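S.K.: Below are the sequence and a predicted model for it; my questions follow.
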Amino acid sequence: MLIQNLIGGIQAGSLYALVALGLVIIYKATEVLNFAYGEMVMLGAYFGLIFCASLGLPLPLAFLLCLASGALLGVVLEKVICRPLIKASPMTMVIATVAMMGILKSLVRLVWGPGYYPLPIFSINPIKIFSISISGNTLYTTLISVMFMAVAFAFFQFTKLGKGMRATSENQTAAALMGVRVPWIFTLTWGLAGLLAAVTGLLIAPITAVSPDMGNVAIKGFAAGVMGGFESVPGAILGGFLLGVAESLAGSYISTAFKDVIAFLVLVAVLVIKPAGLFGVKE
Amino acid sequence: MAKKLCVLVVIFGLALLPWAAQAETGVTDKEIAIGFWAPMTGFASYFGPSLKNGLQMVFDEVNAAGGVHGRKLVVTHEDDACNATKAVAAAKKLLVRDKVFMLFGGPCAHSVTAVSNLVEKEKVPFLMVSSAEEVVKTHHRYSFIVGMTTWTQSRLMVDFAVNELKAKKIGVVYQTGTYGQGGGDGFLARLKKYNLEPVATVVHKIGDTDYNSQILKLQEGKPDAVLVFSYTKEGAMIVRQAWEMGLRTKFVLSTTANIPGVVDLATKDAVADRYYAINLNSDLIDGPGLKAFNEQYAKKFPKDFARPDFPNERDSLSLLCGKLIVKALTQAGKDLTREKFIAAMESTKDFESGIFPPITITPEDHDAMKSTYWVYFNDKGERIFVNKLYKWNEPFSGSAKPGQTPEDVLNKELESYKKK
């Protein structure tokens, strides 16, 4: 039972980690807390609906098109909403992202209606190892999430562009002085976050079906980011997995009714001990 | 002096004229004003068009034939966004600004409960499509509920699991919130009739995506059947994840789980030969018995018809309500008053709509639906209609008599199980 719980927790945690990653990379580079990230995830799923279900494209092609559309969405949102408000106060920016959240959700409801659409893009039978069952969705979700996290991590650590983004997040002025094109970095960051949002949407959709309200997963992403330290990419990832596992264990060993409560209690406990999060740096 | 008297009589007569033309609020010689509210925006806006469309199908037909006693039925629409405060505001607007004769709306539990309390004070008839047992657990003279309550559904689900599936070890799953809690409470109460306790009781939140913990607990209990009282998506995910985790048992679900598209959500393997749900209609919603309804719907609302799972049970419930309203207005007569309408509603006996089993409403019990069919998925994953009517046959129900409290209703039920 413990191993089964851990598997379930890791699957849920991988999704939370992916959401947290998208939130954190935007925040690190641009200092914007993007409350519309959940809706970007939701739109990623709708892109999947268009390319996989409506147009019936082969899955690999549809997947790539979804990622491209997600990246494009991120770029558009940056140019249209964030760039004009670049000199505004943080509160103004927060309100702008909250407004964006409402607008995106309403637009989706207007076009597709309020109902939900199944999107069973991963059809694989469960695997059984001794008495442990691993569903197809769990396998795909966890592997693809971890892969994208690894790619993102490698991108930030080893590529020139990634280092430029890290430099911008540390100090925009210094980065600009060193020749980093800061506005371009902002655009790239939002594009990357949009791509990650699309991946997350595609991974969640087969589990929950595609609907305008599926972006609520962002709440868990925020919690994961806070737990890991909102300025730390590895922290966000670890926070996601910790949150998923805490939920799963709490549900099994304490009470299913208090799954969420226990998980957020763990979050509070972490913050009491380390207010900046596990990997965060105290200012 | 005589001249002054004449003037006074004319003035008095003129003052009385509007009153004479509109003896009852919302009723004129030409029209009956009906107030409608439902969630047309927000997270539950999925329900709104269904409630609107079914009613419109009936009213358009009746109006085309000349109306009821020469009066056309005119509907004014408001939106509650599935929020109780907004529902009360919408109801007040309809009553005060639009001066409607009666209200029709639903289905969100908090909204209908709040409006039921309002209409009780205002003495306005209110017919709702909902499953909210709260409306009947305290007696409301002016409210009528169509759509099987969570009270009745949960108990019939237990009966089905025990009597039809021969289950002796039963697991229970329900979602948090009014809807799920009503179902969960109902399961636990009704199991006492059979001297059974659940082998596992688990809850989940609306919107949960991972049911790992819940399914592990169910697996420990090794149930013959699991009763699930959740919304559509959640119920389907529970069934699917249970199958993926190796839990091979039968699932009995509420009416929200009965949609054709559930096989896409839960997968064919997960539902085949193990998924049973309440089916309120007299056939599958897309079955031959409801062909005329579907054809009419497709013609009238082609855009909604093209969406997944339209029309659905709520459309048909709304149509039933439209027919019920027309029947009661007709029966109440040309000299229409709200009290006459209430009396007509309360004299509804074995009312046939053609798409549901017959319904009955009495002065003591305004909860119209007490019988249901079932649907299940066979080993090929095809939906099969179980053409056997299951009725609530106990001498008690979830409806409180005037002066009774919800605790009285529960105690009466539990006492009857002890006697057996």
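M.R.: On my side now, so go ahead. None of these values were measured; they are calculated from a predicted model. Numbering: from 1, shown residues only, chains lettered A, B, ... in the order given.
S.K.: Any residue of the lengthiest helix in chain A touching chain B?
M.R.: The longest helix of chain A (DSSP state H) is helix A:2-30. Yes - Helix A:2-30 reaches chain B (CB under 8 Å from any CB of the partner chain) through A:4, A:5, A:7, A:8, A:9, A:11, A:12, A:15. Glycine gets a C-beta too; all of them are placed from N, C-alpha and C.
S.K.: Next up, the contacts around the third one.
M.R.: If I follow you right, that is residue A:7. Applying CB atoms under 8 Å, 6 or more residues apart in numbering or on different chains to residue A:7 gives the contacts A:132, A:134, A:138, B:212.
S.K.: Among the residues you listed, which are located in helices?
M.R.: Per DSSP H, the contacts of residue A:7 map to helices at A:138, B:212.
S.K.: Just give me the closest of the contacts of residue A:7 to residue A:24.
M.R.: Residue A:24 has its nearest neighbour among the contacts of residue A:7 in residue A:138, at 24.3 Å by CB to CB.
S.K.: mind checking which helix or strand residue A:148 is in?
M.R.: helix A:136-158 (DSSP states H and E).
S.K.: ok, the residues of helix A:2-30 next to chain B vs chain B, which is closest?
M.R.: residue A:8 (2.8 Å; CB to the nearest CB).
S.K.: quick one: that closest one and residue B:208 touch, right?
M.R.: No - the pair residue A:8 and residue B:208 does not pass the contact test of CB atoms under 8 Å, sitting 11.8 Å apart.
S.K.: who has more neighbours, those two?
M.R.: Neighbours were counted for residue A:8 and for residue B:208 using other CB atoms under 10 Å in any protein chain shown; residue A:8 has more, 28 against 24.
S.K.: all strands of chain A, in order?
M.R.: In chain A, the strands defined using DSSP state E lie at A:127-129, A:132-134.
S.K.: Can you point out the buried residues in stretch B:234-246?
M.R.: By neighbour count with 16 or more other CB atoms under 10 Å in any protein chain shown, stretch B:234-246 contains the buried residues B:234, B:235, B:236, B:237, B:238, B:239, B:240, B:241, B:242, B:243, B:244, B:245.
S.K.: got the contact list for residue A:260?
M.R.: Counting by CB under 8 Å, 6+ apart, residue A:260 makes contact with A:247, B:205.
S.K.: if we can go back for a sec, will you turn the residues of helix A:2-30 next to chain B into a markdown table that also has pLDDT?
M.R.: Below are the residues of helix A:2-30 next to chain B laid out as a markdown table (pLDDT from 0 to 100):
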| residue | pLDDT |
| --- | --- |
| A:4 | 84 |
| A:5 | 84 |
| A:7 | 86 |
| A:8 | 84 |
| A:9 | 87 |
| A:11 | 86 |
| A:12 | 87 |
| A:15 | 89 |
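S.K.: ok, the residues you listed vs residue B:110, which is closest?
M.R.: residue A:12 (29.2 Å).
S.K.: so that closest one makes contact with residue A:248?
M.R.: Yes - contact status for residue A:12 versus residue A:248: in contact at 6.6 Å, counting by CB under 8 Å.
S.K.: Name the residues contacting each of those two.
M.R.: B:210, B:212.
S.K.: ok, back up a step: what about the helix holding residue A:148, average pLDDT?
M.R.: When pLDDT is averaged along helix A:136-158, the result is 84.
S.K.: could you check the angle helix A:2-30 makes with it?
M.R.: 40 degrees (axes from the mean of the first three to the mean of the last three CA atoms, to 10 degrees).
S.K.: Helix A:136-158: which residues count as buried?
M.R.: A:136-142, A:144-146, A:148-149, A:152, A:156.
S.K.: so does that helix get close to chain B?
M.R.: Yes - using CB under 8 Å from any CB, helix A:136-158 reaches chain B at A:136, A:137, A:138.
S.K.: Secondary structure element holding the residue in the stretch 301-420 of chain B that chain A sits nearest to?
M.R.: In the stretch 301-420 of chain B, the residue that lies nearest chain A is residue B:307 (5.6 Å; CB to the nearest CB). Using DSSP H and E, no element contains residue B:307; it sits outside every helix and strand.
S.K.: That one is in contact with residue A:114, isn't it?
M.R.: No - the pair residue B:307 / residue A:114 is not scored as a contact, 9.7 Å apart, by CB under 8 Å.
S.K.: ok so, going back, which residues does the residue of the stretch 301-420 of chain B closest to chain A contact?
M.R.: So residue B:307 contacts A:113, A:115 (CB under 8 Å, 6+ apart).
S.K.: Distance of it relative to residue A:204?
M.R.: 22 Å (CB to CB, to the nearest Å).
S.K.: again with residue A:88
M.R.: Counting by CB to CB, the gap from residue A:88 to residue A:204 is 32 Å.
S.K.: Of these two, which one has the most company?
M.R.: The neighbour count for residue A:88 versus residue A:204, taken as other CB under 10 Å, is higher for residue A:204 (26 against 12).
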